[in-house]
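Asker: Let's see this in three dimensions:
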Amino acid sequence: QVQLVESGGGLGEAGGSLRLSCAASGRAFSGATMGWFRQAPGKGREFVSHINWNGIRTFYADSVKGRFTISRDNAKNTLYLQMNSLKPEDTAVYYCAAKIFGPASGDDDAKTYDYWGQGTQVTVSS
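Answerer: Residues are numbered from 1 along each chain as shown. Got it, this is the predicted structure:
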């Protein structure tokens, strides 16, 4: 089992930066595909980014490409999301997720992930 705890959210300004962290418990983290998703008020959960087990392969939603960077430190059991050039439309609750048992495909599909954090609020003011 994996427990995930996000941190680093808060209030940011348009054009500014925030860095989210996701601390994971359990040895399974180092072999898991990890993802970031977000959910804005009144909207469904949206894919943001994912990273493979060793950090070599990453993928981003078009809406964040070139602005956000996903990374991981397996020695620290931690996933990161560096968010630059923030926009008001980035306002959402951000969730990290771990895929350990799910299918190898569909890394941008929330339904394929096995464990989720509780979420951290990011609010971007204009």
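
Asker: So which residues of this protein form helices?
Answerer: Taking DSSP state H to define them, one finds no helices in the chain.

Asker: Not counting its neighbours along the chain, what's nearest the spatially most central residue of it?
Answerer: Of all residues in the chain, the one closest to the mean position by C-alpha atoms, centre = their mean is Trp36, 2.1 Å from it. Of all residues not flanking Trp36 in the chain, Val48 sits nearest, at 4.2 Å (C-beta to C-beta, 6 or more residues apart in numbering). For the C-beta atoms, the positions are set from N, CA and C on the backbone; glycine is no exception.

Asker: show me what contacts the one you found?
Answerer: Applying C-beta atoms under 8 Å, 6 or more residues apart in numbering, we find Val48 in contact with 35-38, 60-61, 64, 68, 81, 94.

Asker: Of the residues you listed, just say which sits nearest to Gln1.
Answerer: Distance to Gln1 across these (C-beta to C-beta) is lowest for Gly35, with 17.7 Å.

Asker: Am I right that the closest one is in contact with Tyr113?
Answerer: Yes - between Gly35 and Tyr113 there is a contact at 6.1 Å, judged by C-beta atoms under 8 Å.

Asker: more neighbours, these two?
Answerer: Gly35 (26 against 23; other C-beta atoms under 10 Å).

Asker: What's the local residue count around the nearest residue to that one once chain neighbours are set aside?
Answerer: Closest residue to Gly35 in three dimensions, ignoring its sequence neighbours and counting by C-beta to C-beta, 6+ apart: His50, at 4.0 Å. Other residues near His50 come to 24 when the count uses other C-beta under 10 Å.

Asker: and Ala55, how many neighbours does it have?
Answerer: Just to correct that, residue 55 is Gly rather than Ala. Residues near Gly55, counting by other C-beta under 10 Å, number 14.

Asker: Now it, what are its backbone angles?
Answerer: Gly55 adopts backbone torsions of phi 80, psi 0, taken as degrees, to the nearest 10.

Asker: Right, I'll call it a day here.
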